[in-house]
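**Student:** quick one: sequence and predicted model below, then my questions.
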Amino acid sequence: MSNIPETGRTTRVKIRLVILQILVVSLLLTLGGRLWFLQIRDGQQYTAEANSNNIQQVVVPAVRGSILDSRGVPLADNETKLVVTVSRTSMLSQEDGGVSVLTRLAGVLGMTYQQIADKVRLCDAKTPPPCWNGSPYQPIPITDTATTQQALQIMERREDFPGVAAQPTAVRHYGSPSGASAAQVLGYTAPVTDQEIQSSMKDGQPTLTRSDQVGASGLEHTYDSQLRGTDGITRYTVDNRGRVIGEANDTPAKAGSTLVTSIDSRVQALTEQQLNLAMVDARKTYDPVTHKNFKADSGAAIVMNVHTGQIIAMASEPTYNPNEWVGGISEKDYKALTGAASDYPLLNRAIQGQSAPGSTFKVVSTSAAAQAGYDLGASDYPCTSSFNIGSQVFHNDENESYGNISIGRALEVSCDTVFYGLAYQQWLKDGGNHPKDPKDWFYKTAHEFQLGQTTDVDLPGEVPGRIPDRKWKQDFYDAMKTTWCKEAKSAKHDYVTDIAREDCADGYVMRAGDSVNYAIGQGDTLVTPIQEAKVYSALANGGTLYQPTIGKAVVSPDGKKVSVIKPKAVGRLPDSKATLKYINQALEGVITEGTAAWKFGGWPQDKIPLHAKTGTAEVYGKQSTSWFSTYSKDYAIVMTISQGGTGSGGSGEAVRHLYEALYGVHGSTIDKSKALLPNPEAPLPRIGAGGVVQQSSDVLPATAPARLPAADATFLNTPGGSGLPPVAGTLAALPPDRNEKLLLGRRYQT
């Protein structure tokens, strides 16, 4: 019996050994299988990944393409500057982390140690600019304003400056040929943002890197992908501590393409100058309404080819120097450009400034009257000193009275009461306060003129303006009802509160006052200068509406591929040939015997016929806005000045000077040899071997007035360098003045 327990114990030991053997074999099989999986099946993949861990890429920026005017003159190109860079990898490999090297470098460059140290630190969520947003293996630029002497000090004492280099580098440059800034047209470049990197994803990989400079506004933004080119890549082998131990291979950079524009730098310079002079003169002019001089705080001007929609000049005031952004802008200068005290010079008021158009809108109302069936040949439209609707009185300008006249004559002398009467009659026909299937000719016609929508000019940030039709009235009421009704509960009895009470009750109703004010370009109507230029160009060319463009062609770096940007017709005015002829004759009368005649005396009208419409728009709480919209057989010129007075008074002389320079007019004589651009530029500049664009002579005619002294220009010239992020895309348009429901004399009951 004593052997039985011994046998049991032996059996249990054997079972345990078998189990242990099975576990060991299983583990060995699992390990072997995993090794086979890693080394045999996916061996190549992991080998490649391991090798890639030893390769670091350094981006070699491509040379950005130039932006040229229509004659091949550079508006934006690149200049060679001595750029001092620091290798962060080299600094970290030193015993003191590079402190001594950066301290010596600061002494040479006239900077502080902290200024340089901030620039070489890496950007993250906790590190504000200045900092480095690119690859840590990329040479980090410290300054692009190094002198030759400073560069020699660095390069001749390499033992004192390990990891520091000073070498010529292509840097963006805006040269202002003939004095043409074109700041808002050209825009500027700035370091890429994380959002832009994410939005550049293609096939799961970003096409932008952290060291890229991209177009942040203007043409630089619109044509960024063509101008930027393709960066090169230099690959370095590094050890596990990040030290460079060799060079692998590289991919050369490819330069960006060249953009040829329709801008003529000479005309651009004169347009900027004349706009500036008009504003300076307005500030010296007495305003009989406010009993102060006009403020003339901002303005815009456009010169457009009426046959193509191509823009020859575009100016906006106040302006700025785009070179401020090169190499990074300081925090101080950034705030100066974007703060309210600056009046937002980054805003392109030619496409982002919107205001009531005043009487320049009457060409739309004339077309609407023709479509509504009014007889343009009749001369029995009463131009009285005032127009009454119930107890509300609407006055003609300076209470002028011309008796019974034609609609064409009403355009010439800008008679408001004729258009009040037309709009009021149509409002009644449409059912008044209780509309029944309204035709809304005045609103429909404005949409046919493509107002209330963007022109799709090739610049970012354009705003659409506004046509306050019935749909807009209802939508605006739905959005504002709560605000109006809250304000209506106030115990105050001022103009603003009274309007709020009325709007709270029935702000969605299209009242007679809305219609009559709308007919003369007042009330809630908003347009931009680019929209006016598009409309007046169509009147000049026989009715074709063109999409405004600035880009004319994109030329590849080698010059072998030229992609022409063709003019694009996007619609036609609703006018018949007879109506267009009628409007043209009336607008010619504005020059010869109408509201602009006092500024165009002696003009050779028989040889170079000009057409114009003046506008003086009232804005609640501000001085009047000056509008002057004109055209010849070749060009449309529009100029507007906020708080600048009357249309011809504020801009008439400046616009005349532009036409004189374009056509070579001196007094009443014409000298074509002194004409700046007697015919709109058509052909592209000659493109030579290697993509070199041949420039035309950049000389202004002898009759052209000189550029204003730099002291009179609104430029900021302090060099920057903090690398602050750019204004997102382009600065959003300023909100319209609170003239909704606040224009004098626009409310009453009927």
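**Tutor:** Yep, it's here. All figures in this text were calculated on a predicted structure; none of them were measured in a lab. Numbers count the residues shown, from 1 in each chain.

**Student:** what about V692, how many residues nearby?
**Tutor:** When neighbours are counted by other CB atoms under 10 Å, V692 registers 13. Backbone N, C-alpha and C define where each C-beta goes, glycine included.

**Student:** grab the nearest non-local neighbour of it.
**Tutor:** G559 (7.0 Å; CB to CB, 6 or more residues apart in numbering).

**Student:** list the contacts of that neighbour.
**Tutor:** I687, G688, A689, G690, G691, V692 (CB atoms under 8 Å, 6 or more residues apart in numbering).

**Student:** out of those, which end up buried?
**Tutor:** I687, G691 (16 or more other CB atoms under 10 Å).

**Student:** and the contacts of G559 as a markdown table, adding pLDDT and distance to S70?
**Tutor:** Converted to a markdown table, the contacts of G559 look like this (pLDDT from 0 to 100; distance: CB to CB, whole Å):
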| residue | pLDDT | distance to S70 |
| --- | --- | --- |
| I687 | 83 | 13 |
| G688 | 79 | 17 |
| A689 | 75 | 21 |
| G690 | 74 | 21 |
| G691 | 76 | 17 |
| V692 | 78 | 17 |
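
**Student:** closest to T417 out of the contacts of G559?
**Tutor:** Comparing the contacts of G559 against T417 with CB to CB places I687 closest, at 57.4 Å.

**Student:** against D69, how distant is the closest one?
**Tutor:** 15 Å (CB to CB, to the nearest Å).

**Student:** can you check A689 too?
**Tutor:** Distance from A689 to D69, by CB to CB: 21 Å.

**Student:** repeat that for S90.
**Tutor:** In terms of CB to CB, S90 sits 44 Å off from D69.

**Student:** before we move on, what about E412?
**Tutor:** 37 Å.

**Student:** quick one, longest helix in this protein?
**Tutor:** helix 3-36 (DSSP state H).

**Student:** can you pull the contacts of the closest residue to T625 other than its chain neighbours?
**Tutor:** Spatial nearest neighbour of T625, chain neighbours left out: A617 (4.2 Å); criterion: CB to CB, 6+ apart. Neighbour list for A617: S355, A356, P357, G358, G521, Q522, S624, T625, W627 [criterion: CB under 8 Å, 6+ apart].

**Student:** could you do F419 as well?
**Tutor:** Per CB under 8 Å, 6+ apart, neighbours of F419: K362, S365, A410, V516, A519, I520.

**Student:** the residues you listed into TSV, with extra columns for neighbour count and distance to D231?
**Tutor:** TSV is the format used below for the contacts of F419 (neighbours: other CB atoms under 10 Å; distance: CB to CB, whole Å):
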residue	neighbour count	distance to D231
K362	29	54
S365	26	54
A410	25	61
V516	28	60
A519	28	56
I520	30	55
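
**Student:** show me the two of the residues you listed that sit farthest apart.
**Tutor:** A410 and V516 (13.9 Å).

**Student:** nearest residue to Y582 other than its sequence neighbours?
**Tutor:** Y582's closest residue in space is L376 (CB to CB, 6+ apart), at 5.1 Å.

**Student:** where's the one you found, which helix or strand?
**Tutor:** L376 is located outside every helix and strand, with elements delineated by DSSP states H and E.

**Student:** just the CA atoms of stretch 294-305, as CSV, please.
**Tutor:** Extracted C-alpha coordinates of stretch 294-305, given in CSV (Å, rounded to 0.1, in the frame of the first residue of the first chain):
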residue,chain,number,x,y,z
PHE,A,294,-14.5,117.6,-44.8
LYS,A,295,-12.6,114.8,-43.0
ALA,A,296,-11.9,112.7,-46.2
ASP,A,297,-10.9,109.8,-44.1
SER,A,298,-10.7,107.1,-46.8
GLY,A,299,-11.2,106.6,-50.5
ALA,A,300,-10.7,104.5,-53.6
ALA,A,301,-10.2,104.9,-57.3
ILE,A,302,-10.3,102.5,-60.3
VAL,A,303,-9.2,102.8,-63.9
MET,A,304,-10.7,100.0,-66.0
ASN,A,305,-10.5,98.9,-69.7
